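> Show me how the following folds:
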Amino acid sequence: VIFVSFNGFSDIQRWEQENPLGALCRRIAFAARRERNATFQEDFATADVKPAQIIKWLGRNPRILLIDELNLCTALSEKSNSSTDLACFLKTHFLQQEENQYFVFSSHVVSTYLFIWTL
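Modelled structure (predicted):
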């Protein structure tokens, strides 16, 4: 289980809105960290974590991705290359590829749900 939040201890910053996939990858890397004394703001907020690194780490393992406050990723409220990249990443690596891959998110905006499913 991978828990990611765009709220609270790892608020999504304004500059991250231009690259929501990068923002998600940083938070997945933070969730997967071995050093439990690390903090997001001090150790991961500006880390350059590539989608390929996350895909390699995931391997073919069963997974559940839980994202809290996905609606705070405002790029998902409009169709753009960056929002499409994020939606495609989520669909490919957490929904469509193999069995035992799940994606759960909370959002205060219904359009977030609709945007992901229409790609």
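> quick one, what contacts the residue positioned nearest the centre of the chain?
Ranked by distance to the mean C-alpha position of the chain (C-alpha atoms, centre = their mean), the top residue is Leu24 at 3.1 Å. Going by C-beta atoms under 8 Å, 6 or more residues apart in numbering, Leu24 touches 4, 67, 73, 86, 89-90. All C-beta atoms are positioned from the backbone trio N, CA, C, and that covers glycine.
> one more time with 7 Å
4, 86 (C-beta atoms under 7 Å, 6 or more residues apart in numbering).
> hang on, it in a helix?
Yes - counting by DSSP: H, G, I helix; E, B strand; the rest coil, Leu24 is located in a helix.
> Need the phi and psi values for the residue of the chain most remote from its centre.
Distance from the centre of the chain peaks at Asn37, with 21.7 Å (C-alpha atoms, centre = their mean). With angles defined as degrees, to the nearest 10, Asn37 sits at phi -90, psi -10.
> pretty sure Asn19 is touching Ser82, no?
Yes - using C-beta atoms under 7 Å, Asn19 is in contact with Ser82, at 5.9 Å.
> In terms of neighbours, single out the busier of these two.
Neighbour comparison, Asn19 and Ser82: the larger count goes to Ser82, with 18 against 15 (by other C-beta atoms under 10 Å).
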